[in-house]
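Asks: dropping the sequence and predicted coords here.
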Amino acid sequence: MALEAAAQFHASVLPDVVEALGKASGHLTLVFAPADHTHGGWRLAAVQNLAREHVPLRVNALVSDDDTAIDAAERYLAGAGGVTGQLLPLDGNGASEVLSGGK
């Protein structure tokens, strides 16, 4: 299943991501739906390659289906100028308080 998901991402999603990076200013955050551990390797490799290929833009990815946690992590990443090429799994169990500084 992970190989099929990776192929689908590279064929169908990646072209849109590359186009978005051409229009981005500063950073781009991808959001992946939760999946089992077999998806971690290809997802991380994709994010790291995108980050390297589009310097000085920052590219990161979140893994979550929790909108509150995603919003908090996105706020954090927007201000985290040194963070790029990361795949960050979120579980929503209090992370929003820590990531957003309680704001």
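Replies: That came through, no problem. Residues are numbered from 1 along each chain as shown.
Asks: show me where the protein has its strands.
Replies: Applying DSSP state E to the chain gives strands spanning 27-32, 58-63, 87-89.
Asks: dump these to JSON lines, plus mean neighbour count and mean pLDDT.
Replies: Every residue, glycine included, has its C-beta placed from N, CA and C. Output for those, formatted as JSON lines (neighbours: other C-beta atoms under 10 Å; pLDDT from 0 to 100):
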{"stretch": "strand 27-32", "mean neighbour count": "19", "mean pLDDT": "96"}
{"stretch": "strand 58-63", "mean neighbour count": "22", "mean pLDDT": "97"}
{"stretch": "strand 87-89", "mean neighbour count": "17", "mean pLDDT": "97"}
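Asks: dump those to JSON lines, plus distance to Asp16.
Replies: What follows is the strands of the chain, written out as JSON lines (distance: least, C-beta to C-beta, whole Å):
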{"stretch": "strand 27-32", "distance to Asp16": "10"}
{"stretch": "strand 58-63", "distance to Asp16": "14"}
{"stretch": "strand 87-89", "distance to Asp16": "19"}
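Asks: residue ranges in the chain under the pLDDT threshold?
Replies: Applying pLDDT under 70 to the chain flags the ranges 92, 94-103.
Asks: list the contacts for the spatially most central residue of it?
Replies: By C-alpha atoms, centre = their mean, the chain has its centre lying nearest to Ala61, at 0.9 Å. Each residue near Ala61 by C-beta atoms under 8 Å, 6 or more residues apart in numbering is listed here: Thr29, Leu30, Val31, Phe32, Arg43, Ala46, Val47, Gln86, Leu87, Leu88.
Asks: find the nearest non-adjacent residue to it, please.
Replies: Leu30 (4.0 Å; C-beta to C-beta, 6 or more residues apart in numbering).
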